[in-house]
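**Q** sequence? don't have it. structure:
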């Protein structure tokens, strides 16, 4: 069972998701070089990112198209994030 697409017919998301393949960067804010990722789907409130197997991602970071994010789930080289209100 996938953590991103439960078998349940109930979708608990508050806004519609849109499938995309958009290259973005994760800025951990620690002075490190931003890390590349791919936005797989996106909504008004969050996104699913493919980050690959290399390295860890902090609990909060800036997704470089200037949205602050919080990790809400992790699975098999992908993370689900929620956009944090500024």
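**A** Yep, it's here. What you see is a predicted model, and the numbers here were worked out from it, not measured in a lab.
**Q** C-alpha from now on. contacts and neighbour counts both.
**A** Will do.
**Q** Now stretch 53-72: average pLDDT?
**A** For stretch 53-72, mean pLDDT rounds to 87.
**Q** again with stretch 25-38
**A** For stretch 25-38, mean pLDDT is 91.
**Q** and it, how far apart are its ends?
**A** Taking Cα to Cα, to the nearest Å, stretch 25-38 runs 8 Å from one end to the other.
**Q** cool, and stretch 26-44?
**A** OK, stretch 26-44 end separation, Cα to Cα: 18 Å.
**Q** tell me which residues of that stretch are tucked away?
**A** Neighbour counts over stretch 26-44 (16 or more other Cα atoms under 10 Å) mark 26-28, 34-35, 37-43 as buried.
**Q** In those, find the pair that's most separated.
**A** 34 and 43 (22.6 Å; Cα to Cα).
**Q** hey, where'd the strands end up in this structure?
**A** Assigned by DSSP state E, the chain shows strands spanning 18-27, 35-42, 46-50, 60-63, 67-75, 78-83.
**Q** residues contacting residue 82?
**A** If you count contacts by Cα atoms under 8 Å, 6 or more residues apart in numbering, residue 82 has them with 45-47, 69-72.
**Q** out of the residues you listed, which are buried?
**A** 45-47, 69-71.
**Q** okay if I get those as CSV plus distance to residue 63?
**A** Listed next are the buried ones among the contacts of residue 82 as CSV, based on distance: Cα to Cα, whole Å:
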residue, distance to residue 63
45, 13
46, 11
47, 10
69, 7
70, 10
71, 11
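**Q** ok, residue 18 - contacts?
**A** 41-43.
**Q** Show me the beta-bridge partners of it.
**A** For residue 18, the beta-bridge partners are residue 42 (DSSP bridges).
**Q** Look up how far residue 63 lies from the residue lying closest to residue 34 once chain neighbours are set aside.
**A** Using Cα to Cα, 6 or more residues apart in numbering and skipping residues adjacent in sequence, the residue nearest residue 34 is residue 27, 4.6 Å away. Distance, residue 27 to residue 63, using Cα to Cα: 6 Å.
**Q** now residue 73
**A** 16 Å.
**Q** and what of residue 82?
**A** 11 Å.
**Q** Show me the common contact partners of those two, please.
**A** With Cα under 8 Å, 6+ apart as the test, residue 82 and residue 63 both reach residue 69.
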